[in-house]
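>>> Show me the folded form of this:
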Amino acid sequence: MPEEHGNITRIHLDGKEYILIGTAHISKRSAELVKEVIDAEKPDSVCVELDEQRYNSIMEGNKWKEMDIFKVIKERKASLLLMNLAISSFQKRMAKELGVSAGQEMIQGIESAKENGAKLILADRNIQVTFSRIWGNLGLKGKAMLLSQIIYSIFNKESISEEELEKMKSQDMLDSMLQEFTESFPRLKTPLIDERDQYLAHKIKKAPGEKIVAVLGAAHVPGIKEEIKKDHDLAQLTKLPPKSKAPKIIGWSIPIAILLIIAYTFIANPSAGTQQAISWLIWNGSLSAIGTALAFGHPLAILTAFIAAPITSLNPLLAAGWFAGFVQAYMRRPNVRDFETLTDDVFSVKGFWHNKVTRVLLVVVLANLGSSLGTFIGGADVIRLFIQNL
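Predicted coordinates for the structure are as follows:
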């Protein structure tokens with residue numbers, strides 16, 4: 001065993017020994033410490049602070065070039081992909097600041113577990129579950145702030161001070177990315193930190209063998225020291241928050257109301273009803289097409305957004321951006337190079353618009369935003385015309 005280190009915590013519980021290594025996700029010394037401890041202790045199991053998705057990302061190098069952009073749009077995962085790109089961009093920026101590879105200590109834990117014949121345990125909660133539970137704790141204002149912070153993290157070019165870097169070294173990568181946001185919204189600490197402490201503690205406690213080494217972000221060690229003494233319900237910790245019925249009710253109420261108002265106006269005053277229909281078509285179609293154009297979408301994608309928006313705005317199950325995105329992806333199909341350079345291109349605004357993958361995502365997002373804006377403006381104009389002709 002190497003000389004006792006301040007970042008090593010030993011716990012003896014129920015005849016088992018747990019050795020927690022508090023690491024810094026962007027520190028060379030942390031990776032060296034992980035190797036030293038595992039080689040010296042010869043544990044039965046090694047737990048790493050990764051879920052299956054992040055493990056595959058590390059082992060397979062993100063495999064961006066194998067992504068099916070059509071499948072991403074179809075499964076409504078454009079926002080999730082944007083989130084992953086933000087995290088990847090943030091990690092690369094931190095790595096460049098320090099001249100190291102982000103997550104090297106986790107890679108070392110995986111390699112050392114194999115070298116020593118230890119059972120590898122992926123101990124962290126699925127990142128999508130964590131984000132879903134974070135999202136469920138936010139109101140409309142909070143969601144807007146979170147999305148703006150994610151976008152800011154992609155394009156932020158400010159250098160990181162030594163003090164900030166030292167602070168990040170003691171935090172989990174997710175924690176450091178959302179630190180400022182959790183200060184504004186303290187209730188996010190529960191799904192982001194506390195629940196993951198409980199999940200990690202349970203997985204470490206249930207790991208096979210009498211000696212277990214856990215490779216963790218240093219910020220999680222204090223919580224896990226306490227939570228490992230308790231029993232936890234993983235089913236409860238991985239339960240997705242119930243979806244609110246309000247968005248569905250509102251989503252159907254608006255188009256139904258618009259259609260009823262236009263139909264009534266047509267009966268009472270065909271000329272005014274025609275004006276309403278034209279206003280609805282122009283506002284929805286034009287703003288969605290403008291959004292697509294701002295994303296530098298293909299002319300056919302712009303035309304598709306214009307045609308689709310007035311129709312999809314009347315059906316909450318559809319979105320103009322999906323149709324425009326499909327056309328954009330078909331007409332400007334991303335090639336292997338676009339996927340290979342994806343995480344580098346998102347470092348700049350120019351690269352973000354230039355890369356064919358991110359351009360498809362921009363088409364989807366901006367076409368939908370334009371359509372949503374057109375729904376409110378067009379709907380308001382329909383009501384105005386209705387009131388004028390009462």
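
>>> Ile21 in helix, strand or coil?
Following DSSP: H, G, I helix; E, B strand; the rest coil, we place Ile21 in the strand state.

>>> Skipping its backbone neighbours, what lies nearest it in space?
Counting by C-beta to C-beta, 6 or more residues apart in numbering, Val215 is the residue found nearest to Ile21 once chain neighbours are left out, at 5.3 Å. For glycine as for every other residue, the C-beta is placed from the backbone atoms N, C-alpha and C.

>>> now swap in Ile73 and tell me
Closest to Ile73 by C-beta to C-beta, 6+ apart is Gly325, at 4.7 Å.

>>> Next, that neighbour: phi, psi?
Main-chain torsions, Gly325, degrees, to the nearest 10: phi -70, psi -40.

>>> Now for this protein, the helix or strand with the poorest mean pLDDT.
Each helix and strand of the chain was given a mean pLDDT (mean pLDDT, DSSP states H and E); the minimum falls on helix 162-169 at a mean of 52.

>>> re the thing from before, what's the spacing between the residue nearest to Ile21 and Asp44?
For Val215, the distance to Asp44 equals 15 Å [C-beta to C-beta, to the nearest Å].

>>> Give me the more crowded residue out of those two.
Applying other C-beta atoms under 10 Å to Val215 and Asp44 shows that Val215 carries more neighbours, namely 29 against 18.

>>> Name the strands paired with the host helix or strand of the more buried one and say parallel or antiparallel.
Taking DSSP states H and E as the definition, Val215 sits inside strand 211-217. Strand 211-217 pairs in its sheet with strand 16-23 (parallel), strand 45-48 (parallel), by DSSP bridges.

>>> got the contact list for it?
The contact list for strand 211-217, computed with C-beta atoms under 8 Å, 6 or more residues apart in numbering, reads 16-25, 34, 37-38, 41-49, 105-106, 108-109, 118, 123, 171-173, 175, 200, 204, 224.

>>> thinking again about what came up before, wait, the residue nearest to Ile73 touches Leu362, no?
No - between Gly325 and Leu362 there is no contact, the gap being 9.2 Å when judged by C-beta atoms under 8 Å.

>>> Who has more neighbours out of the two?
Using other C-beta under 10 Å, the more surrounded residue of Gly325 and Leu362 is Gly325, with 32 against 24.

>>> so where's the stretch 201-350 of the chain shaky on pLDDT?
Along the stretch 201-350 of the chain, the parts satisfying pLDDT under 70 run over 336, 340, 343, 346-349.

>>> For it, just list every one of the helices.
221-227, 234-237, 246-268, 270-294, 299-312, 320-331, 336-340, 342-345, 349-354 (DSSP state H, counting those that start in this stretch).

>>> Spit out the contact partners of Leu314.
So Leu314 contacts 255, 258-259 (C-beta under 8 Å, 6+ apart).

>>> In CSV: those residues, plus neighbour count and distance to Lys74.
Formatted as CSV, these follow (neighbours: other C-beta atoms under 10 Å; distance: C-beta to C-beta, whole Å):
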residue, neighbour count, distance to Lys74
Pro255, 16, 23
Ile258, 20, 27
Leu259, 13, 27
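
>>> Out of those, which is nearest to Pro247?
When the contacts of Leu314 are compared for distance to Pro247 (C-beta to C-beta), Pro255 wins out at 13.4 Å.

>>> The closest one and Ser313 touch, don't they?
Yes - checked against C-beta under 8 Å, the pair Pro255 and Ser313 is within contact range at 6.7 Å.

>>> and among the strands paired with strand 211-217, the most buried is which?
strand 45-48 (a mean of 27; mean count of other C-beta atoms under 10 Å).

>>> what's the distance between Ile249 and Glu210?
For Ile249 relative to Glu210 (C-beta to C-beta), the value is 55 Å.

>>> now Lys74, nearest residue through space, not along the chain?
Excluding its sequence neighbours, the residue lying closest to Lys74 (C-beta to C-beta, 6+ apart) is Trp322, at 7.7 Å.

>>> Run through the residues that contact the one you found.
Counting by C-beta under 8 Å, 6+ apart, Trp322 has contacts 73-74, 76, 312, 364.

>>> For Ala118, see how far away the closest residue to Gly15 other than its chain neighbours is.
With C-beta to C-beta, 6+ apart as the criterion, Gly15 has its nearest non-adjacent residue at 6.8 Å, and that residue is Glu210. Taking C-beta to C-beta as the measure, Glu210 falls 12 Å from Ala118.

>>> Mind checking which of these two has more residues around it?
For the pair Glu210 and Ala118, the greater number of neighbours falls to Ala118 (24 against 10), based on other C-beta under 10 Å.
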